[in-house]
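Peer 1: Pasting the sequence and the predicted coordinates here, then a few questions.
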Amino acid sequence: MEKRIPALKIFLAFLRLGLTAFGGPAMVAYIRDLTVKRYGWVREESFRDGVVLVQSIPGATAMQAAAYAGLRAGGARGALAAYVGFALPAFFLMVFLSMAYQRAHGLPHIMALFRGLQIIIVAMVANATIGFGKKTILSWKDLILVVASALFLVAKGSPVLAIVVSGLAGLVLFRKEIVDPGTLNSPSHEPEDIGFKELIPFALLCAFVVMLGVAALFFINRSFFHLAVMMLKIDLFAFGGGYASLPLMFHEVVEARHLMDAKSLMDGIALGQVTPGPIVITAAFVGFLLYGFVGAVIGAVSIFTPSFLVLLLVVPYFDRLKRSPWFKMVMRGILSSFVGLLLAVTIRFGMAAQWSLIAAVLCVSAFVALRFKVDILWVVLVGGVLSAILL
């Protein structure tokens, strides 16, 4: 294991990085530059293993990569320090933007701005669907799960159920493609001893504290309790990165609980794109609009906690996990379902947006720009300015 770095030093380094953490998953490269090249806290091969790991478990990819790098640099406390430091700038900026949104939302130019941003969100999610699909759809079997998941969500089915069923279907559909049946009973590898014996106790302690906090909310304020449980569930099933949380959040916030309409959630997603950090910081927007600053804190903490705990619990057994044919089959099914869920959300967001000829041109332009790898921050900012002028 690499030499332990003090948690405070890790926190400050990731706090500075979090101030400029635009670009979502693209920030993984900057995390590597910081921890591998600049400070030498993490070995190159360790970081590469971490990138594979964080793409295989729930949660926002950049956040998980930060936690993994912090874990390698400073153990469990280092992981927590990196995770919190990386997320704080996004959280506070989102709270500020949510306050501004709440006060100025009725102004004509502001309404035009967000009408345009909603159009850009349609382009953004469509682009994510295509990008996700190109990496995931490898055969007609994947396509079946994509279409079935999309139709199920359009019919207002539960995305969690779609994910679970697709994972189980993967065990049947991809059995012959991923593994020779004779290898399923071969001896498994022992967990790699990577010097993080405190991880399991630390993760269990954190889980206990979270459960205690959620239980306290049940008695203090039932609305806070339901918000926390909703965000915990969203993060726990968000395999495939931050964008994978969008179908889950849309279903829970808009369809199942009717906490806000689709347009308002799209506004929150747009604000999440002009803040540093992952798109799931939209949870703070939802929490703030519903219950103020306390709601924002509950939403943000809840949307980040499950994936962080999963990371701590999985790291010691990563070698066994990444070689498991069962895991590969389930993951392929789950990731296929997310392509379908993203496709369904693209359709639902498109139906919620207000269309005109200018809006259509703006949407197509944003989509083309994203396909040509233009930074999403510039797409959102330029699109917002044009919307305020033209719509």
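Peer 2: Ah, there it is.

Peer 1: Where do the helices of the stretch 201-350 of the chain begin and end?
Peer 2: 222-236, 245-249, 262-273, 282-314, 318-323, 325-352 (DSSP state H, counting those that start in this stretch).

Peer 1: for the ones you listed, which one sits closest to Lys373?
Peer 2: With Cβ to Cβ as the measure, helix 262-273 is the member of these nearest Lys373 (15.6 Å). Where C-beta positions appear, they are placed from N, C-alpha and C, glycine not excepted.

Peer 1: Could I get the average pLDDT for the closest one?
Peer 2: Throughout helix 262-273, pLDDT has a mean value of 87.

Peer 1: relative orientation of it and helix 282-314 in degrees?
Peer 2: 60 degrees (axes from the mean of the first three to the mean of the last three Cα atoms, to 10 degrees).

Peer 1: returning to what we had before: mean pLDDT lowest where, among the helices of the stretch 201-350 of the chain?
Peer 2: Minimum mean pLDDT among the helices of the stretch 201-350 of the chain: helix 318-323, a mean of 73.

Peer 1: tell me which strands and helices it is in contact with?
Peer 2: For helix 318-323, the packing partners by 3 or more Cβ pairs under 8 Å, 6 or more residues apart in numbering; DSSP states H and E come out as helix 44-54.

Peer 1: C-terminal to the helix it packs on, what's the next element?
Peer 2: Going down the chain from helix 44-54, the next helix or strand is helix 61-104, by DSSP states H and E.

Peer 1: For that next one, enumerate the helices and strands it packs against.
Peer 2: Using 3+ Cβ pairs under 8 Å, 6+ apart, helix 61-104 sits against helix 7-18, helix 27-32, helix 44-54, helix 199-220, helix 262-273, helix 282-314.

Peer 1: Make a markdown table out of those helices and add mean neighbour count and distance to Phe367.
Peer 2: Converted to a markdown table, the helices and strands packed on helix 61-104 look like this (neighbours: other Cβ atoms under 10 Å; distance: least, Cβ to Cβ, whole Å):
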| stretch | mean neighbour count | distance to Phe367 |
| --- | --- | --- |
| helix 7-18 | 20 | 29 |
| helix 27-32 | 20 | 22 |
| helix 44-54 | 17 | 27 |
| helix 199-220 | 14 | 39 |
| helix 262-273 | 23 | 14 |
| helix 282-314 | 23 | 21 |
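
Peer 1: Which of these sits closest to Tyr83?
Peer 2: Using Cβ to Cβ, those put helix 282-314 closest to Tyr83, at 5.6 Å.

Peer 1: Would you mind putting the helices of the stretch 201-350 of the chain into CSV with distance to Ala203 alongside?
Peer 2: What follows is the helices of the stretch 201-350 of the chain, written out as CSV (distance: least, Cβ to Cβ, whole Å):
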stretch, distance to Ala203
helix 222-236, 14
helix 245-249, 21
helix 262-273, 27
helix 282-314, 4
helix 318-323, 14
helix 325-352, 19
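
Peer 1: Quick check: which of these is nearest to Met111?
Peer 2: helix 262-273 (10.1 Å).

Peer 1: what's in contact with that closest one?
Peer 2: Here helix 262-273 makes contact (Cβ atoms under 8 Å, 6 or more residues apart in numbering) with 94, 97-98, 101, 105, 114, 117-118, 120-121, 124, 246, 249-250, 253-254, 278-282, 285-286, 289, 348-349, 352-353, 376-377, 380, 384.

Peer 1: Can you report how many residues neighbour the residue nearest to Leu71 when sequence neighbours are not counted?
Peer 2: With Cβ to Cβ, 6 or more residues apart in numbering as the criterion, Leu71 has its nearest non-adjacent residue at 3.8 Å, and that residue is Ala79. Number of residues near Ala79 (other Cβ atoms under 10 Å) recorded here: 29.

Peer 1: just the one 4 residues further on next, same as before
Peer 2: By the measure other Cβ under 10 Å, the count of residues near Tyr83 is 25.

Peer 1: Closest to the centroid, which residue in this protein?
Peer 2: Gly242 (1.8 Å; Cα atoms, centre = their mean).

Peer 1: For Pro201, find the nearest of the helices of the stretch 201-350 of the chain.
Peer 2: Here helix 282-314 is closest among these (Cβ to Cβ), at 9.9 Å.

Peer 1: Quick one: work out the angle between that closest one and helix 222-236.
Peer 2: 60 degrees.

Peer 1: coming back round to it: so the residue nearest to the centre of the chain makes contact with Pro58?
Peer 2: No: taking contacts as Cβ atoms under 8 Å, Gly242 lies outside contact range of Pro58: 10.5 Å.

Peer 1: Contact partners for Ile5?
Peer 2: Counted by Cβ under 8 Å, 6+ apart, Ile5 has contacts 39, 41, 73-74, 78.

Peer 1: That one falls within a helix, correct?
Peer 2: No: if the criterion is DSSP: H, G, I helix; E, B strand; the rest coil, then Ile5 is coil and not within a helix.

Peer 1: Now it: phi and psi?
Peer 2: phi -110, psi 140 (degrees, to the nearest 10).

Peer 1: got any ranges where the stretch 101-250 of the chain has weak pLDDT?
Peer 2: 178-196 (pLDDT under 70).
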